[in-house]
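K.L.:
sequence and predicted structure below; questions after.
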Amino acid sequence: MPQKLIGILGVHPALTLLAKACALHGYSVLWVDADKNALEKSITALKNSFDDGNNLSIQGLSAKDECLARIQLSLDMKALSEASFILASSDAPVNELVTTTPLAFIDSDIGTTSLAHSLSSPERALGFFPVIYENQIKLVEMIRAVKTSDNTLQLFGNFLKELKLDTIYVHDFTGSVFERVVYAGINEAIQVLYEGITSAESIDRVVSVGLSHPIGPLKLADLLGLDRVKKRLENLFTATANPKFLPSPLLTKLTEAGFTGVKAGRGFYQYKSSL
């Protein structure tokens with residue numbers, strides 16, 4: 001069982017998932033952010049994940065108390081100098097870190113190469129995009145920046161293997177592979193519905209039954225949040241000018257009406273209650 005210290009800088013739902021996964025696999029975790037309230041909210045969400053059946057990450061490897069005992073919160077960035085690897089949000093002040101520890105940024109519109117360039121040694125940085133479904137990390141896209149070293153890439157890959165996470169290697173381009181492939185498909189499914197070709201249920205059945213997928217594109221959009229889908233499509237369209245990323249008029253109408261999916265109680269489907 002590994003005993004290394006993993007540093008986390010910033011708050012983000014994916015970092016909450018990874019903090020728990022690290023602790024469950026025997027790592028010590030030092031979680032740092034300048035906002036004490038944000039840190040406390042994140043650790044509360046992690047604690048609740050043991051109690052409410054909301055599986056935030058890998059389960060069954062350790063008791064709740066053991067997991068939480070391995071996670072330490074701090075407001076002091078200097079403490080991260082002892083970490084063997086640092087996981088950071090894209091808006092974390094990494095340029096203020098006084099350490100040469102390898103680090104991985106959560107993917108953002110800023111771009112991994114641009115984020116890494118702010119460091120004194122950009123070869124020690126890379127990006128990552130966690131593919132999250134039903135509040136579990138299913139796969140991690142490891143994003144290589146222009147100057148990311150082979151050693152940094154290997155270190156992060158080995159670390160994710162310790163967490164029993166599947167990985168793929170990608171280069172630093174606009175949008176993750178997941179977003180570019182999945183969101184484009186969702187957008188086309190919405191357009192088919194908008195054009196009146198068939199019903200939402202039939203569109204989802206084509207994919208769920210015809211391809212044995214666990215969920216259809218419209219139900220997936222409801223689960224992700226239609227506002228999130230629309231925003232990411234807009235970002236991809238702005239960056240690439242590819243018309244396949246231009247949000248369908250129906251997606252725009254639904255989000256403007258507040259029908260953003262499961263969390264709102266209504267999207268392409270009606271739900272009993274909002275989350």
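P.N.:
On my side now, so go ahead.

K.L.:
tell me the gap between the stretch of helix or strand Asp65 belongs to and the middle of its chain.
P.N.:
Per DSSP states H and E, Asp65 falls inside helix 64-69. Chain-centre distance of helix 64-69: 23 Å, with Cα atoms, centre = their mean, to the nearest Å.

K.L.:
which residues in the chain form helices?
P.N.:
Along the chain, counting by DSSP state H, helices occupy 13-24, 36-51, 64-69, 112-117, 150-162, 177-178, 184-194, 200-208, 217-224, 226-240, 249-256.

K.L.:
export these to JSON lines and tack on distance to Gly127, mean neighbour count and mean pLDDT?
P.N.:
C-betas here are computed from N, CA, C, even on glycine. As requested, these are arranged in JSON lines below (distance: least, Cβ to Cβ, whole Å; neighbours: other Cβ atoms under 10 Å; pLDDT from 0 to 100):
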{"stretch": "helix 13-24", "distance to Gly127": "12", "mean neighbour count": "23", "mean pLDDT": "92"}
{"stretch": "helix 36-51", "distance to Gly127": "21", "mean neighbour count": "15", "mean pLDDT": "88"}
{"stretch": "helix 64-69", "distance to Gly127": "27", "mean neighbour count": "14", "mean pLDDT": "85"}
{"stretch": "helix 112-117", "distance to Gly127": "3", "mean neighbour count": "22", "mean pLDDT": "86"}
{"stretch": "helix 150-162", "distance to Gly127": "10", "mean neighbour count": "16", "mean pLDDT": "94"}
{"stretch": "helix 177-178", "distance to Gly127": "12", "mean neighbour count": "17", "mean pLDDT": "93"}
{"stretch": "helix 184-194", "distance to Gly127": "21", "mean neighbour count": "19", "mean pLDDT": "97"}
{"stretch": "helix 200-208", "distance to Gly127": "29", "mean neighbour count": "17", "mean pLDDT": "97"}
{"stretch": "helix 217-224", "distance to Gly127": "21", "mean neighbour count": "23", "mean pLDDT": "95"}
{"stretch": "helix 226-240", "distance to Gly127": "15", "mean neighbour count": "19", "mean pLDDT": "94"}
{"stretch": "helix 249-256", "distance to Gly127": "27", "mean neighbour count": "17", "mean pLDDT": "97"}
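
K.L.:
what sits up against the helix holding Asp65?
P.N.:
Under the criterion Cβ atoms under 8 Å, 6 or more residues apart in numbering, residues 20, 23-24, 43, 46-47, 50-51 lie in contact with helix 64-69.
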